[in-house]
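Student: Mind folding the following:
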Amino acid sequence: MENLALLWGIMGPGVAGAVFGAGWWFWVDAVVCSSVQVSFLHYLPGIFASLAALMFNAVNKDEIGNDYYSPYGDDSEWRVKLWLFVAYVVSFVCLAGSVGISAFSSPLARL
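Tutor: From the prediction side, this is the model:
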C-alpha cells in the first residue's frame, strides 16, 4: 500500500494534467468541428476554471502547515489559506456557472 501512495504521489500530477489537457482538447475539437455557433459565454467557465487551477498550483504544500516559516517575519499563513479559499470559490462558481449555462441553453429550457 505504501508503494501505491508513493506511485500516486509521483504520477498523480501528470495524470491530472493529462486529464485537464484532454478536456480542453475535446472542447476545442467539438467547437471547431460543430456547425453550431458557440457564444463566448460558454467559454467563461472553462477559462476561469483554468485560472482556479493555476491558483491552486501556485501554493506550495509546505506553506500550509503549522511550522510555516515566513522570511518576512510576519504570520502570513492566513494569506495562503485565503488564496486557497478564493481558488475554491472560483472553481465552485465555475461549476455552478457551467451547470446554469447548460440548463438555460438546452432545448428543454425553451419549452
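Student: longest helix of this protein?
Tutor: Across the chain, the longest stretch assigned as helix under DSSP state H is helix 2-33.
Student: Other residues contacting the strand or helix carrying residue 47?
Tutor: Using DSSP states H and E, residue 47 maps to helix 44-57. Contacts of helix 44-57 with the rest of the structure, by Cβ atoms under 8 Å, 6 or more residues apart in numbering, involve 20, 24, 27, 83-84, 86-88, 90-91, 93-95, 97-98, 101. Quick note: C-beta positions are derived from backbone N, CA and C, even for glycine.
Student: Please identify the buried residues of the host helix or strand of residue 99?
Tutor: Counting by DSSP H and E, the element that carries residue 99 is helix 77-104. By neighbour count with 16 or more other Cβ atoms under 10 Å, helix 77-104 contains the buried residues 80, 84, 87, 90, 91, 94, 98.
Student: so who does the last one touch?
Tutor: Residues in contact with residue 98 (Cβ under 8 Å, 6+ apart) are 45, 46.
Student: run the last query once more with 10 Å
Tutor: 42, 44, 45, 46, 48, 49 (Cβ atoms under 10 Å, 6 or more residues apart in numbering).
Student: tally of neighbours for the fifth one?
Tutor: Okay, so that is residue 48. 16 (other Cβ atoms under 10 Å).
Student: how far away is it from residue 5?
Tutor: Distance from residue 48 to residue 5, counting by Cβ to Cβ, to the nearest Å: 32 Å.
Student: which stretches of this structure have low pLDDT?
Tutor: 1, 66-76, 109-111 (pLDDT under 70).
Student: okay, now the domains of it?
Tutor: Domain ranges of the chain: 1-34, 39-111, per automatic domain parsing.
Student: Return the distance of the shortest one from the chain's centre.
Tutor: Counting by Cα atoms, centre = their mean, to the nearest Å, domain 1-34 is centred 12 Å from the centre of its parent chain.
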